[in-house]
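Colleague: Sharing a sequence plus its predicted fold:
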Amino acid sequence: MGPVSVVVTALWAMVPAYVPNNAAALAGGGRPIDGGRTWGGRRLLGDGKTWRGTAAGTAAGVALALVLEAARPGAAAVLGVAVPVFSLPAAFGLALGAMCGDIGASFLKRRTGRERGAPVPGLDQLDFVVGALALAAAFDFAWVAATFGPPELAVVLVATPLLHVLTNWVAYALGFKNEPW
Ligand code: CTP
Ligand code: MG
C-alpha cells in the first residue's frame with residue numbers, strides 16, 4: 001500500500017473515534033456519571049463526564065460512520081485509493097471506546113489530584129485512541145486487524161494529537177469548550 005492509502009485508511013477509520021469528544025462537549029451537561037461520588041476526597045470522574053455527553057458522543061461517532069459508509073464509493077473514486085469499510089460493531093466500539101478512554105483519563109486525573117479541565121499533555125490527546133482501538137478490537141477484532149497495520153498505527157499516533165489540538169482549539173475559540181485542550 002502506498003503512503004496516500006495508508007494515511008487515508010488511518011484517518012478515515014478513526015473518524016468515529018475523533019467525533020465523540022467534540023459532540024460530548026456540545027451536548028454535555030446534566031447528571032455526571034459518577035453521581036457526585038468521591039474517592040479519597042476527590043471526585044471519581046468529575047462533572048465533566050456526563051451520561052448525556054457520553055451517549056451523544058457515542059451516537060455521533062456511529063452516525064459519522066454511517067455517513068462515511070454512504071460517502072465511501074465517491075470518496076474512493078476521488079481519492080483514487082480504497083477506503084475502509086466499517087462494520088457496525090467496529091464503529092460502535094470506536095465511538096464508545098473513545099468516550100471510555102476519555103473517561104478513564106479523567107479517573108486518572110482525579111486520582112492524581114487534578115481538577116476538572118486540568119491539562120495532561122499526551123494523555124489528553126491519546127486516551128481516546130487507546131480506548132477506541134481497544135473496544136473496536138473487543139467488538140470486531142478482525143476489522144481492527146485488517147485495518148490497522150504498523151504504518152496505519154504510526155499515522156494515527158502522529159496525526160491524532162495534531163488533529164485533537166487543532167479541533168479543541170477551534171472548539172474553545174467558538175466557545176464550546178472552557179479550555180483549549
Ligand atoms: N463531556 C461530557 N461527557 C463526557 C465527556 C465530555 O459531558 N463523557 C462534556 C463536558 O461538558 C466537558 C466537556 O464535554 O466539560 C469537555 O470535555 P473534556 O475536556 O473531556 O472534560 P473536562 O471538563 O476537561 O474534564 P476532565 O478534566 O475530566 O477531562
Ligand atoms: Mg478537558
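Modeller: Perfect, I can see it now. Ligands and ions are numbered 1, 2, ... in the order given.
Colleague: Would you mind measuring from D124 to ligand 1?
Modeller: Counting by C-beta to the nearest ligand atom, to the nearest Å, the gap between D124 and ligand 1 amounts to 7 Å. Every residue, glycine included, has its C-beta placed from N, CA and C.
Colleague: How about the contacts made by that residue?
Modeller: The neighbourhood of D124, defined by C-beta atoms under 8 Å, 6 or more residues apart in numbering, consists of 105, 164, 181.
Colleague: 10 Å instead?
Modeller: For D124, the contact set (C-beta atoms under 10 Å, 6 or more residues apart in numbering) comprises 21, 102, 105, 109, 118, 161, 164-165, 168, 179, 181.
Colleague: cool, and V7?
Modeller: Taking C-beta under 10 Å, 6+ apart as the definition of contact, the neighbours of V7 are 81, 151-152, 155-156, 158-159.
Colleague: Buried members of the residues you listed into PyMOL, please.
Modeller: The buried residues among the contacts of V7 can be selected in PyMOL (16 or more other C-beta atoms under 10 Å) with this line:
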select buried, resi 81+152+155+156
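Colleague: among the contacts of V7, which are in helices?
Modeller: Counting by DSSP state H, these place 151-152, 155-156, 158-159 in helices.
Colleague: burial measure for V144, as a count.
Modeller: For V144, the number of neighbouring residues by other C-beta atoms under 10 Å comes to 20.
Colleague: that older thread, filter the contacts of D124 down to the buried ones.
Modeller: With neighbours counted by 16+ other C-beta under 10 Å, the contacts of D124 contain buried members at 21, 102, 105, 109, 161, 164, 168, 181.
Colleague: and the fourth one, what element?
Modeller: Counting by DSSP states H and E, the element that carries K109 is helix 88-111.
Colleague: Take the contacts of V7 and lay them out in a markdown table including distance to M14.
Modeller: As requested, the contacts of V7 are arranged in a markdown table below (distance: C-beta to C-beta, whole Å):
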| residue | distance to M14 |
| --- | --- |
| V81 | 16 |
| P151 | 14 |
| E152 | 9 |
| V155 | 9 |
| V156 | 6 |
| V158 | 12 |
| A159 | 8 |
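Colleague: I figured L133 hits D127, correct?
Modeller: No: with contacts defined as C-beta atoms under 10 Å, L133 does not count as touching D127, sitting 11.5 Å away.
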